[in-house]
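> Give the three-dimensional model of this entry:
(2 chains)
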There are 2 protein chains.
Amino acid sequence: MATPVIMVHGGAWTIPDNLVQPSRDGTKTAARAGYKVLESGGSALDAVQAAVMSLEDDPTFDAGKGSVLNKNGEVEMDAVIMDGQTLKSGGVACVQNIKNPICLAREVMQSTDHCLLVGPGANQFAEEVGIKKVPMETLVSDEAIRELECYKQYGNTVEDLFRQRGSQHDTVGAVAMDCHGNIAYGTSTGGITCKKPGRVGDSPIMGAGGYADNEAGAVSCTGHGESIFKVVLAYQIITLMKQGMQPQEASDKALAEMSKRVHGYGGVIVLSNDGQPVTSFTTERMAWAWAKDGALHHGVDPGEDIFENIVEEAK
Amino acid sequence: MATPVIMVHGGAWTIPDNLVQPSRDGTKTAARAGYKVLESGGSALDAVQAAVMSLEDDPTFDAGKGSVLNKNGEVEMDAVIMDGQTLKSGGVACVQNIKNPICLAREVMQSTDHCLLVGPGANQFAEEVGIKKVPMETLVSDEAIRELECYKQYGNTVEDLFRQRGSQHDTVGAVAMDCHGNIAYGTSTGGITCKKPGRVGDSPIMGAGGYADNEAGAVSCTGHGESIFKVVLAYQIITLMKQGMQPQEASDKALAEMSKRVHGYGGVIVLSNDGQPVTSFTTERMAWAWAKDGALHHGVDPGEDIFENIVEEAK
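Numbering: from 1, shown residues only, chains lettered A, B, ... in the order given. Predicted structure coming up:
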């Protein structure tokens, strides 16, 4: 029997001080939700889904409720989930009016022989499988409205800052290993503020924004989506791990390579198939948490690693 | 100065005997179109675009005119182009009523800071940049209609054959190196017959269906899209080449790995940054052609490699 592990992130960006505590709380809650599934013998896929749903439901994060707005002031969301045992995955991109895109992604994985459904076709599929539409307003936070207004007001002046340094809300994700040693990952996002309608970043793209393979481990990425996409960040890390590199070194190396080749910043949570959870980020902050052996670790600032006992904290 | 090379493919599948000659002619014409650009000092990006446009305009192939039909009897197309010097790319997925999706992909690369636009948002962008809509009927071939009818009639009986052995029309693509040693790739497709509306395969996804990096070379993939996506086929090949493996061995190895891990079949055209063009496929046939040093090579069956002098043949 393998030792179950769950890791989550709430995005790598310049998290402002007033959002540090909510980000910390939200990632801890999500890690606990995923760990509960694993502790009761649940699968890595179910744990990842539970953790990502928790993050999607928390308006602190740019996914599900709290998603940022596109240029037209609309919410368009992307999500993916992948099974490291079979390499099967399901992804959705540019879906609207869905409370939990990760659940729709899971349906794509399980009920179709496709990997990715986008736009109105993805929404049509949601109807077919009985995932109901929610009004867009229920997904929009005041913060997302302010962010779009700020972006439109300052335009290109802040564009570099926004796009390159991750100075806005970002993607959430989770990776897990269950007691059978099976591995999975999931990612969900509202994308980037003021994106063109129809824009898809790395998040729903296995290989780019994440990957899960029982033969190596799992990765979920966050940060500047276009940069992550260009260097196929997650698969780079998986490949280095397959070649025997330790997960921390592989993560640091791939993020450094991304910075060098395309001047992009981001962060990753990585779980090797021998159960090592590691984090790495080149942005100012990344909210993350992981649970294993009854212990919960979490952090936001570089080098930070706070330890709690899951049972005591949950009381 | 580098020696310019262009390679194209017209899809890896069970090409029926009656389509062998048209596929051969179409790939040769496309390789010539690309080579002409390179010979006059044009860029790898322009050569790739010219070659893919030629394939899109030929109804023999499943891209642009000749695209297969989705479950609703509609054409939804995907395309991508990538610059190996900057790793910038532009992709579109699920676009409708566009004569040459590769041109729209090029606009995404050049006129936005995004990598991928999908669905109605991609069509909206086409309007913004002045790419006009064409009636869907102008893209639909009799063969595509017959294929959908056949698929609907036999359903799951032929599904395995269709989806796994590549027994249907497939993706087109091109890779090129120009006289400055810059490398590019492009891919375009109508996808797979009877796909769900909104389905996106590997084709518009850099890393999965293709990749271009001046530091290694370029790859364009064809075959069972979901399998290629799952194993991030193109980036696998690029990674092996970066580690010093010869392009032929890297291509064969990655296709064998895909067959082993996810039982998927496909083909690739690969150009290393020292100018070696290679092909590899695990389907019954793949139509391909390449031009270099005034010579045109082409083939359809395994092991076939026919040589022609470009100048004489063009007379």
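
> can you pull the contacts of A:T222?
Counting by Cβ atoms under 8 Å, 6 or more residues apart in numbering or on different chains, A:T222 makes contact with A:9, A:11-13, A:170-173, A:187, A:266-268, A:286. The way it works is simple: take the backbone N, C-alpha and C, and place the C-beta from them, glycine included.

> And those, which two are furthest apart?
By the measure Cβ to Cβ, the contacts of A:T222 have their two most distant members at A:W13 and A:T187, which lie 15.0 Å apart.

> Please identify which of the two sits among more neighbours.
Per other Cβ atoms under 10 Å in any protein chain shown, whichever of A:W13 and A:T187 has more neighbours is A:T187, with 35 against 29.

> tell me the pLDDT at that one?
pLDDT for A:T187: 98.

> swap in A:E159?
Each residue has a pLDDT score; the one for A:E159 is 52.

> Ok, A:G190 next?
For A:G190, the pLDDT comes out at 95.

> List the residues that contact A:G173.
Residues near A:G173 by Cβ under 8 Å, 6+ apart: A:8-9, A:52, A:185-188, A:209-210, A:220-222, A:269.

> And it, how far from A:I81?
Applying Cβ to Cβ, to the nearest Å, the value for A:G173 to A:I81 is 10 Å.

> secondary structure class for the spatially most central residue of chain A?
The centre of chain A sits closest to A:G173, judged by Cα atoms, centre = their mean, with a distance of 2.2 Å. Put simply, A:G173 is strand when judged by DSSP: H, G, I helix; E, B strand; the rest coil.

> bridging residues for it?
A:H9, A:T187 (DSSP bridges).

> Can you add distance to B:E143 and give the contacts of A:T222 back as TSV?
Written out in TSV, the entries for the contacts of A:T222 read as follows (distance: Cβ to Cβ, whole Å):
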residue	distance to B:E143
A:H9	48
A:G11	47
A:A12	48
A:W13	49
A:D170	45
A:T171	42
A:V172	45
A:G173	43
A:T187	39
A:G266	44
A:G267	48
A:V268	45
A:M286	51
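
> just curious, which of the contacts of A:G173 is nearest to chain B?
Proximity to chain B was ranked across the contacts of A:G173 by Cβ to the nearest Cβ; first place goes to A:G209, at 10.5 Å.

> What is the burial count for A:E308?
For A:E308, the neighbour count with other Cβ under 10 Å is 15.

> Quick check: it touching A:A291?
No. In this structure A:E308 lies outside contact range of A:A291 using Cβ atoms under 8 Å: 9.5 Å.

> Now the common contact residues for the two.
Between them, A:E308 and A:A291 share these contacting residues under Cβ under 8 Å, 6+ apart: A:H297.

> And the longest helix seen in chain A, what's buried?
For chain A, the helix that runs over the most residues, judged by DSSP state H, is helix A:17-39. Burial within helix A:17-39, assessed by neighbour count using 16 or more other Cβ atoms under 10 Å in any protein chain shown, is assigned to A:19, A:22-38.

> show me what contacts the residue of the stretch 1-150 of chain A found nearest chain B?
Proximity to chain B, evaluated over the stretch 1-150 of chain A using Cβ to the nearest Cβ, is greatest for A:G121 at 1.7 Å. Under the criterion of Cβ under 8 Å, 6+ apart, the contact list for A:G121 reads B:E76, B:C94, B:G119, B:K196, B:P197, B:G198, B:R199.
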